[in-house]
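>>> Model the following, please.
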Amino acid sequence: MAKTINNELFPAPSHGAALATQQSSFVPHTWPGVSVSSTAAIQSILIDNQKRFHVFFNERGFHNHVAHTALTLWCLGADEATLETTYKMHADYQKATYASPSPITHGSWRDHLGDEHYYQAYLQFFISELRDKSHDVLLEEYIFAPNANVVESEVKHPEMLSRFFAGLLHPFIHTGLAVEFGLPGNFAEGLAQAAVHKLDSTSISLIPASSFEHTGVSLVSRFTQAVGMSDKTKPTNKTHAFTILAKVLNDPRFTPGKQPDEFSFYIESVAKSGEAIREYVDQWSLDGDIEKKVEELLWTNVLIYGIGGSEKSGNFNADFFHMHLVTSSLFLPSVISRLKRSSQELLLRGYFATCLAWYISRGRPELDIARFFGNSATLHPTAPGPQPTPHKDAIPTPSSSVAITPNPWLQIIQTTLSHPDDHLPKLQRALSEYASHFGTIPAGYFKDTELKNAELIDGTLFLRVAGLTATRLGWVREGEAPLGDGWDRRGFYREPKL
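Here you go, the predicted model:
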C-alpha cells in the first residue's frame, strides 16, 4: 500500500465539511472506533487503489468497489487490520490501470464518453479541474449542464446524467461517497467513472432531452410538456413517492413474466417500460421542502428491498440489485446539498426513474406491508449462538431477551464488520443511519398516500430489514457460514426461465 499520504487528494475522511455546508438535517455520522491508525490505513488504501487499479475489474464492466467498502468499514469503526485484510482480499481480482490513448482536454472531454480505455485520461482531467473548481461547480458543469447532456450538433448526446446513474448507480455511489467524506481524489474517480460508463439503455426514455432546456419554465412544467400530460395527470402538491409506487404496483403493463436473461434484463425492461415509468415519475410532486422529497425516496427504496424481499414462504430474498437502491440512497442528501434547485429536481426525478426501472426489471415483487409489520419476530433481531448470562442485577430482568441484546444494532454492526461480503457493510450502514433519523416515525405517518396499508409503516422498518439481511447473509462473527453467492439473484418472476 501507499507509504506517502497525499493529503490534497485524500485527506482524512470527515463529515466536517458536510456539517458546515449541508443545509439538510440529514448528515451521516462516524461510529466510535475510528483511530489514528485506522485513518492512516484508509488513506493509504484509497491512494494505492487509485494508483494501481482501473475503475472496472473485468471486461463486463463490473465495478471496483474498493473505495466504497473501505470507507464504509472505516466509518463503522473497523480497525486497520480489518481494513488492510479486506483490501488485500478485493485487490486480488482488480484490473491494473493503464495509460489512455490520449489526454482529455476541455475541448475533447465529450469525444470519448463510454470508452473505458480513457478512464485514466478522464481521471487526470478531473483532478486538474479540482485545482480551480469546487465539487459543486464540477457537478453542475459536467453532470447537470445542458451541454453535458444534449448537444444538437452531435450524432450522440453526451447524456452525462444518465451515465451518472448507469451501471446500477455506481458512478453516483462513488461520487456520493466522495462528497460525503470530503475526498477530492475519489470525487475525480466518480466523475471519470461516469464519463467512461456506457449507457444502460436508450436512457432518453427515463431522462428526456427536454429536461435540460432552460426556458425559465419550472422543471415540473417541462417534464409535463415532455410527455404531453393532461391536467388530470399533472402532479399535485401532495403526490408522494409512495403514491407513485402504488401506481406502478397496480399497472398491468409492468406485470412480470418469465425470468429474463441475467445480463440484459434491465436494458430490455427500460426499452419496454421506460416511457411509462417516466410518466409516473413526472406525476411525483417536488414542490416545497426538497429534503422531504429525498426522505420519500429513502423510505421507498427500503420498502422495495425489505418488504419486497419478504416472501409469503417466510424466506427473505435479499436481492442483489434492490440492495443497491438502498445503499445508493444514502448519498442523496450529500449530493443534493451541493446543487442548485433545478439540478436537485433533475437528480431526484432521474434517480427515482432509475430505481423504479430496476424494481420493475427484477419482477416487481408485491409489497405485503400488513404481513411484514404483523411479524413480531423481526422486531428484536438477536444473533445466534451462545449468549451471555446476565447478572441478577441486569435490567430490565436477568431473564429478559433485552438484557442479553439491549440494542440489536450493536450485534448487527459487529457481525457486519467481520463479514467478507463487500456490499453488506454499505447496506447495514444505510439502514442504521435511517433508523437513527426515522426510528421514531409512528404508524399512521404515511396514511395519506395511496400505497395499500401504508398507515402501518413505522420506524421499525429499518431494524427489521437489517435483521432479515443479517440472517440471510449469515452471522459470520457468531459462527455461521456466509451465503454462498453473497446475495440472491433469482429475482421475483412469475414464470421459470425458458
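
>>> now for whichever strand or helix holds residue 273, which elements pack on it?
Assigned by DSSP states H and E, residue 273 falls within helix 265-281. Here helix 265-281 touches helix 219-227, helix 241-250, helix 341-361, going by 3 or more CB pairs under 8 Å, 6 or more residues apart in numbering; DSSP states H and E. C-beta: built from backbone N, CA, C; applies to glycine.

>>> quick one: buried residues of the helix or strand just after it?
Per DSSP H and E, the first helix or strand lying C-terminal to helix 265-281 is helix 290-302. Within helix 290-302, the residues scored as buried using 16 or more other CB atoms under 10 Å are 290, 293, 294, 295, 296, 297, 298, 299, 300, 301, 302.

>>> Name the nearest residue to the third one, sequence neighbours excluded.
Sequence neighbours aside, residue 332 is the residue nearest to residue 294 in space, at 4.9 Å (criterion: CB to CB, 6 or more residues apart in numbering).

>>> follow-up on the earlier one: what's the most buried one of the helices and strands packed on helix 265-281?
Ranked by mean neighbour count, these are led by helix 341-361 with a mean of 23 (mean count of other CB atoms under 10 Å).

>>> Now do that helix, average pLDDT.
Mean pLDDT, computed over helix 341-361, is 97.

>>> what angle sits between that helix and helix 265-281?
Inter-element angle recorded for helix 341-361 and helix 265-281: 130 degrees (by axes from the mean of the first three to the mean of the last three CA atoms, to 10 degrees).

>>> And the residue nearest the centre of the chain?
residue 328 (0.8 Å; CA atoms, centre = their mean).

>>> wait, that residue sits on residue 175?
No: Residue 328 sits out of contact with residue 175 when judged by CB atoms under 8 Å, with a separation of 10.6 Å.

>>> Need the nearest residue in space to residue 126, chain neighbours excluded.
Closest to residue 126 by CB to CB, 6+ apart is residue 188, at 4.0 Å.

>>> now residue 30: how far from residue 463?
20 Å (CB to CB, to the nearest Å).

>>> again with residue 416
Counting by CB to CB - residue 416 and residue 463 are separated by 14 Å.

>>> Neighbour count for the two, which is higher?
For residue 416 and residue 463, the more surrounded residue by other CB atoms under 10 Å is residue 416, and the numbers stand at 27 against 22.

>>> how close does the more buried one get to residue 259?
Counting by CB to CB, the gap from residue 416 to residue 259 is 30 Å.

>>> quick one on the thing from earlier: would you mind giving the secondary structure of the residue nearest to residue 126?
helix (DSSP: H, G, I helix; E, B strand; the rest coil).

>>> wouldn't it be in contact with residue 133 here?
No: using CB under 8 Å, residue 188 is not in contact with residue 133, being 11.2 Å away.

>>> Please say which of these two ends up with more neighbours.
Counted by other CB under 10 Å, residue 188 and residue 133 do not tie: residue 188 has more neighbours, with 24 against 15.

>>> OK, contacts around that one?
9, 123, 126, 127, 129, 130 (CB atoms under 8 Å, 6 or more residues apart in numbering).

>>> give me that answer again for 6 Å
123, 126, 127 (CB atoms under 6 Å, 6 or more residues apart in numbering).

>>> The residue nearest to the centre of the chain touches residue 171, doesn't it?
No: with contacts counted by CB atoms under 6 Å, residue 328 stays clear of residue 171, the gap being 10.2 Å.

>>> and residue 390, what is it in contact with?
Taking CB under 6 Å, 6+ apart, we find residue 390 in contact with 398, 403.

>>> Need the three-state assignment for it.
Criterion first, three-state DSSP; result for residue 390: coil.

>>> now it: how far from residue 291?
42 Å.

>>> ditto for residue 141
Distance of residue 141 to residue 291, given as CB to CB: 25 Å.

>>> Residue 82 too?
Counting by CB to CB, the gap from residue 82 to residue 291 is 34 Å.

>>> same thing with residue 154?
36 Å.

>>> Same question for residue 484.
Distance from residue 484 to residue 291, by CB to CB: 40 Å.

>>> Could you do residue 302 as well?
From residue 302 to residue 291 the distance is 17 Å (CB to CB).

>>> go on, residue 259?
For residue 259 relative to residue 291 (CB to CB), the value is 39 Å.
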